[in-house]
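In: Show me the folded form of this:
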Amino acid sequence: MKKKGPLSGIKVLDLTAMVSGPTATMMLGDQGADVIKVEPLGGELMRKVGDELNGMTNSFLCCNRSKRSIAINLKNKKGLNILKKLILISDVFVQNFRPGTVQRMGIDYHRIKKVNPKLVYVSISGFGEKGPYSKQRVYDPVIQALSGLADIQRDQITGVPKQVRTIIPDKTTGLAAAQAISSALFYRERFGKGQHIKLAMLDVMVAYLWPEGSAALSFVGKEKNPSIAQFGLDLVFKTKDKKYITAGAVTDKEWIGMCKAFSREDLIKNKKFSTPNGRVKYKEERRKLISDEISKFKASEILEAFHKEEVPSAPILSRVELLENKQIKANKIINFYKSKIFGKIRSPRPAAIFSESPTTGKKLAPLLGENSLEILKELNYSKEEIKSFLKEKVISE
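Out: All right, here's what the predicted structure looks like:
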């Protein structure tokens, strides 16, 4: 008997756009859930962002695998009725409309709960439902600015805040949403009740950054400046052959190993660096010292020495170089899939590996409305009704 994913049998209705919601529902689909992505007739915005091939952009492709697509005009009463029928048979409903939108459409949690009390209803927002920012539009850089992430990335010389060149708040919110949905489904399994999950990108990032980014604010009345107390340094070092590596020593054993790797055993006896707290206190001095020593070696030489002494280290790879990295290949994290429409596709597999209920990433993102007709048939609409929907532009295929 073929093993199924851990969420096999769960139906997810995905009314999200962009990245945070789509990545959350994609993870559920990878784990076996039947995810139905509901889109406007013109498709969601990510279908228009990125490089396009035969009607598919790489941005949409990477956030929407393991799903089916139905295109519905939700401004049409008949289209809204189709959506409500889908809600009745769904286990999970995920939306990231701006606050107030679902109320106007008549699909807010309080109304839906009355007709499907076991539904797990998820509302993803930028700032939350209340507060001065709640009704403002939001993109990832805005959350980076408000959450402290740009402050953490502040240039240590100029003091200018910087943003991370990847959409961490969006993707982290996707992870948080997928985890919360799984927990809510487990609760429903035990107690038979659905519930409303509210998730704000801002809240996710404040909580996510706290352990090391804002820990210095934990003891009330004894706070320290997080920028000064922060342990992290820019651990990027240039080697003799003009390559870049990273290396770090937290424990005493790792620090001793690092000193041995570049033949500076004399530093082991230096009292400034003999304890973890001392190495934090004199971190700038220590970083310069490490940088100077590493610059005397070729990248391959010093990395081999660090490996021998069990010092955490690695070459800094470009995104193209990582494709050929031996560890990446050993993990088989990047797979290839064949498509009649798009040719050969390269994509990472789902990160978590389940021994008894395997995940899959083989089902490529759907074309717009690719599954509209089959989904309507599952809802027991007749051929005549479906033809009428197409003619009246209630749906598209």
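In: For the residue lying closest to residue 76 once chain neighbours are set aside, grab the count of nearby residues.
Out: Excluding the flanking residues, the one nearest residue 76 by CB to CB, 6 or more residues apart in numbering is residue 394, at 5.2 Å. Yep, even glycine has a C-beta here, placed from its N, CA and C like the rest. By other CB atoms under 10 Å, the residues close to residue 394 number 23.
In: What of residue 313?
Out: Count around residue 313 with other CB under 10 Å applied: 23.
In: Just list the residues touching it, thanks.
Out: Neighbouring residues of residue 313 by CB atoms under 8 Å, 6 or more residues apart in numbering: 245, 246, 247, 248, 302, 303, 306, 307.
In: Would you mind confirming that the residue nearest to residue 76 is in contact with residue 72?
Out: Yes. Contact criterion CB atoms under 8 Å: residue 394 and residue 72 qualify, at 7.0 Å.
In: Next, show the common contact partners of those two.
Out: The contact sets of residue 394 and residue 72 overlap at 79, 82 (CB under 8 Å, 6+ apart).
In: which residues of the stretch 101-250 of the chain fall in helices?
Out: Secondary structure of the stretch 101-250 of the chain (DSSP state H, counting those that start in this stretch): helices at 101-105, 109-115, 140-147, 149-152, 168-191, 201-209, 226-229.
In: any residues touching the longest one, and which ones?
Out: Outside helix 168-191, the residues that touch it by CB under 8 Å, 6+ apart are 7, 10, 18-28, 91-92, 94, 118, 120, 122, 124, 140, 143-144, 147, 149, 193-195, 197, 199, 201, 204-205, 208.
In: mind listing which of those are in strands?
Out: Residues of the contacts of helix 168-191 located in strands (DSSP state E): 92, 94, 120, 122, 124, 195, 197, 199.
In: Quick check on those residues: which are buried?
Out: Buried members of those, counted by 16 or more other CB atoms under 10 Å: 92, 94, 120, 122, 124, 195, 197, 199.
In: who does the fifth one bridge with?
Out: The one in question is residue 124. Counting by DSSP bridges, residue 124 is bridged to residue 199.
In: ok, now the third one?
Out: Here residue 120 sits in beta bridges with residue 92, residue 195, going by DSSP bridges.
In: Please parse the protein into its domains.
Out: 11-208+331-396, 237-315 (automatic domain parsing).
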